[in-house]
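Engineer: Just the structure for this:
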Amino acid sequence: MRITNRIMQNNAMYNINQNKIKEDKYNTQMATNKKINRASEDPIVAIRALRLRSNVSELTQYYEKNSKDAESWLKVTEDALSTVTELLTGAIAQANKGANKELTTTDLSAIITEMSELADEYYATGNVDYGGRYVFTGYRTDTSLTFTDKTTLEYTDIHDGFNAADIDELVHITGVSGVDTNATPVTTEANIDRQALGRIRLSYDKLDEEDTADNTAANVTLKYRESFTVPATTSIKEQYDNGNPKTVQVSFTDGGTTEVFDVTLPEVVTEEGDDSTTYGTGFSLHRNSDGTFRLEKKSGADSQVVNISTNGAVYSSYKETSLQPQTATPAPAVITSTSSADEIDNVYKAAATSTDQTFWLNTDTGELILSESLRQKLVALEDLNNADSIEVTYNKSQWNKGDIRPENLFECTTPNPSDSTKKIHYNGGSYGHTMSYDVGYSQQIDVNTQASDVFTTDVKRSMDDLKSALSKLETLERTMAQIKANMEGETGTKLDELRTEYAAAQKAQAYLRQDVQDQLEHKITQMQKALDVANLAVTQNGMRSRRLELIQNRLQNQVTTFKTLQSDNEDIDMAETATNLMTAQTIYNASLQATGKISQNSLLDYV
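Structural biologist: Numbering: from 1, shown residues only. Below is the predicted model of the structure:
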């Protein structure tokens, strides 16, 4: 084969260019620290790089953003819960201090004032937020746990639940209002009496008052519940295509009667309401806003109720009896903020002597005063599965600063601010309000602690009890001081009347002082219950934090592992690439020199 100078030059140029390409490749790798810059250079490395980058990006999102945000949320909650436990511990310490019977009324006033301030801070802590989002109100992160100012907002059908253990004793001293500084008319010791009655203390005071002729409160209903002889069960007979139950057979026994009937459930619950179909012996089906169902048959004041969950199973069943305040002349059925002292005394006297299963309502203090017969009935009720054995429904529109918003704890209804023709129905404050963060592949962690898991209205209501009892005692003692002052210089009949008045006042004082003492001792137990609830919330939050810590450690290791794999796949070995670059530069220079020598010779040199 004949090799010409042109062929040699072309080959030399090609080789020089190839050497230059290699030098440029290694030079680019040194500058970018990457093995390839285009997918075409090595498709396998490119595909693997895309996958690893995606993995690293997801893990980084989980570790540096999601888990850190979750950690911050849990930390804010932990700090708030720590404050709550400190406040309740302080309140218990003050109550223990107040249990000393040697304390003066001034001492008691200081102790109760301190406890009240601790209670105010307890509720204020519930409004803690993280990044502008309130942490204890579930999905309603733009709404505070408590009312931050005195306001008017209508809430109707607030469902306040209790059990037999919640029935406590209410002490009322009748005749105290008759103690007068001038003994006109004269109040004797016989006029002073102590009434100890059963009570249901509602979660709120200052209830809405019904303005009716007989002074009754039709918007307040007391319901007590008892188990069926054989609790209700269901069996699914037919299902929808999506797996939801379509037809279920319900069966239970109440007394000597057994009920067995089929119920057709809707495939999807889109809104709350009642079905027009009647089942069994007169049961109606109510669709709840949370997707559950309530079967109920009413007969006067009595009802049979079966509550069915979204999967068709029974989660509670019972027979329910409804009561409303009854009028007992001369006592009204309802004590309001305008009721006279005599009217209030008459209520307690009527309750103490009544043989009926009835109750009286004090809308001002938020209390149900029970007849002895009703008290015995309620304290004998057994606890139910997934339901309160006692429930009181009522309305309230006037709210003070620090009152917990009812939607955070109770089932209730309030007007829709955007549509006056509709109402918003809250399902009890907790259903569906669990906030979760994605912190890994198919891994979530709950970060929020809900209000119902920490806070209770009992703390504020206990302070109301103490302040009310103390106020009565202080008022009486001021009256006694004035009576004693009026006795100076008096003689004869007037002095005897004042002494009789003072003796009656002393009897009332002894009763009231003992009531304050008993309440302080009782509040120790109530505050301890609230502390136990808070401590449980602390434990649950700590368990979530510990789990998140373990997840973060694993994520950190995964991020490190995948970044190492990404680096091994994409990044160059700097020392090896530097050597290759130097070699490529040497080869390129050598090729230039060789080509130069070849190019120096031509045919003209031999002519």
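
Engineer: What ranges in the stretch 101-250 of the chain fall below the confidence cut-off?
Structural biologist: Regions of the stretch 101-250 of the chain meeting the criterion pLDDT under 70 cover residues 183, 210-218.

Engineer: mind redoing it with 80?
Structural biologist: Low-confidence segments of the stretch 101-250 of the chain, defined by pLDDT under 80: 181-184, 210-218.

Engineer: quick one: the helices in it?
Structural biologist: 105-125 (DSSP state H, counting those that start in this stretch).

Engineer: Equivalent analysis for the chain, please.
Structural biologist: Using DSSP state H, the helices of the chain run over residues 5-32, 43-60, 67-98, 105-125, 341-353, 372-379, 458-487, 492-570, 574-600.

Engineer: Columns distance to Leu409 and mean neighbour count on top of those, output as a markdown table?
Structural biologist: Every residue, glycine included, has its C-beta placed from N, CA and C. Converted to a markdown table, those look like this (distance: least, CB to CB, whole Å; neighbours: other CB atoms under 10 Å):
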| stretch | distance to Leu409 | mean neighbour count |
| --- | --- | --- |
| helix 5-32 | 60 | 14 |
| helix 43-60 | 39 | 15 |
| helix 67-98 | 16 | 19 |
| helix 105-125 | 12 | 19 |
| helix 341-353 | 28 | 19 |
| helix 372-379 | 21 | 18 |
| helix 458-487 | 11 | 18 |
| helix 492-570 | 12 | 17 |
| helix 574-600 | 64 | 13 |
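
Engineer: ok, now which ones touch the residue nearest to Thr148 when sequence neighbours are not counted?
Structural biologist: Spatial nearest neighbour of Thr148, excluding adjacent residues (CB to CB, 6 or more residues apart in numbering): Lys401 at 6.3 Å. Residues near Lys401 by CB atoms under 8 Å, 6 or more residues apart in numbering: Thr146, Phe147, Thr148, Asp149, Lys150.

Engineer: Just among those, which is most surrounded?
Structural biologist: Thr146 (23 neighbours; other CB atoms under 10 Å).

Engineer: my read: it touches Asp403, true?
Structural biologist: Yes: using CB atoms under 8 Å, Thr146 is in contact with Asp403, at 6.0 Å.

Engineer: okay, which residue is most central for this protein?
Structural biologist: Ala451 (2.2 Å; CA atoms, centre = their mean).

Engineer: Can you report how many residues lie near the closest residue to that residue other than its chain neighbours?
Structural biologist: Setting aside the residues directly before and after it, Ala451 is nearest to Asn408 in space (CB to CB, 6+ apart), at 4.2 Å. Per other CB under 10 Å, the neighbour tally for Asn408 reads 26.

Engineer: ok, now how distant is Asn408 from Gln509?
Structural biologist: When distance is defined by CB to CB, to the nearest Å, Asn408 is 41 Å away from Gln509.

Engineer: Mind giving me the packing neighbours of the top strand by length along the chain?
Structural biologist: The longest strand of the chain (DSSP state E) is strand 151-162. The contact analysis (3 or more CB pairs under 8 Å, 6 or more residues apart in numbering; DSSP states H and E) places strand 151-162 against strand 390-399, strand 411-416.

Engineer: Which of those strands has the lowest mean pLDDT?
Structural biologist: Mean pLDDT is lowest for strand 411-416 out of these, coming in at a mean of 90.

Engineer: roughly how far out does that strand sit from the chain middle?
Structural biologist: 17 Å (CA atoms, centre = their mean, to the nearest Å).

Engineer: Next: stretch 15-26.
Structural biologist: 70 Å.

Engineer: So what touches that stretch?
Structural biologist: In contact with stretch 15-26 (CB under 8 Å, 6+ apart) are residues Thr577, Asn580, Leu581, Ala584, Gln585, Ile587, Tyr588, Ser591, Leu592, Thr595.

Engineer: Quick check: the gap between the residue nearest to the fourth one when sequence neighbours are not counted and Ala341.
Structural biologist: Right, Ala584. Closest residue in space to Ala584, ignoring its immediate chain neighbours: Glu23 at 4.1 Å, by CB to CB, 6+ apart. Glu23 sits 106 Å away from Ala341, taking CB to CB as the criterion.

Engineer: swap in Gly138?
Structural biologist: With distances taken as CB to CB, Gly138 is found 44 Å from Ala341.

Engineer: Just give the number of residues close to the residue lying closest to Glu343 once chain neighbours are set aside.
Structural biologist: Leaving out its chain neighbours, the residue that sits closest to Glu343 by CB to CB, 6+ apart is Pro332, at 6.1 Å. Residues near Pro332, counting by other CB under 10 Å, number 22.

Engineer: before we move on, what about Ile36?
Structural biologist: Ile36 has 20 nearby residues by other CB under 10 Å.

Engineer: Spit out the contact partners of it.
Structural biologist: Shown in contact with Ile36 (CB under 8 Å, 6+ apart): Asp42, Val45, Ala46, Glu570.

Engineer: okay, who's weakest in the residues you listed by pLDDT?
Structural biologist: The pLDDT minimum for the contacts of Ile36 sits at Glu570, where the score is 76.

Engineer: Isn't that residue up against Ala49?
Structural biologist: Yes: counting by CB under 8 Å, Glu570 does reach Ala49; the two are 5.2 Å apart.

Engineer: so what's Leu103 closest to, chain neighbours aside?
Structural biologist: Nearest residue to Leu103, sequence neighbours excluded (CB to CB, 6+ apart): Ile111, at 7.5 Å.

Engineer: Would you confirm that Ser337 contacts Asp364?
Structural biologist: Yes: contact status for Ser337 versus Asp364: in contact at 4.6 Å, counting by CB under 8 Å.

Engineer: can you list residues touching both of the two?
Structural biologist: Lys206.

Engineer: More neighbours: these two, which one.
Structural biologist: Asp364 (17 against 11).

Engineer: list the contacts for the more buried one?
Structural biologist: Per CB under 8 Å, 6+ apart, neighbours of Asp364: Asp205, Lys206, Ile335, Thr336, Ser337, Ser339.

Engineer: is it possible to export the helices of the chain to a markdown table including distance to His159?
Structural biologist: Listed next are the helices of the chain as a markdown table, based on distance: least, CB to CB, whole Å:
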| stretch | distance to His159 |
| --- | --- |
| helix 5-32 | 67 |
| helix 43-60 | 44 |
| helix 67-98 | 25 |
| helix 105-125 | 21 |
| helix 341-353 | 24 |
| helix 372-379 | 17 |
| helix 458-487 | 17 |
| helix 492-570 | 20 |
| helix 574-600 | 71 |
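
Engineer: quick one: which of those is nearest Val260?
Structural biologist: When the helices of the chain are compared by CB to CB, helix 372-379 sits nearest Val260, at 30.0 Å.

Engineer: From the chain's centroid, how far away is the closest one?
Structural biologist: Relative to its chain's centre, helix 372-379 lies at 31 Å (CA atoms, centre = their mean).

Engineer: Quick check: phi and psi at the residue nearest to Thr148.
Structural biologist: For Lys401, the backbone dihedrals (degrees, to the nearest 10) come out as phi -60, psi 130.
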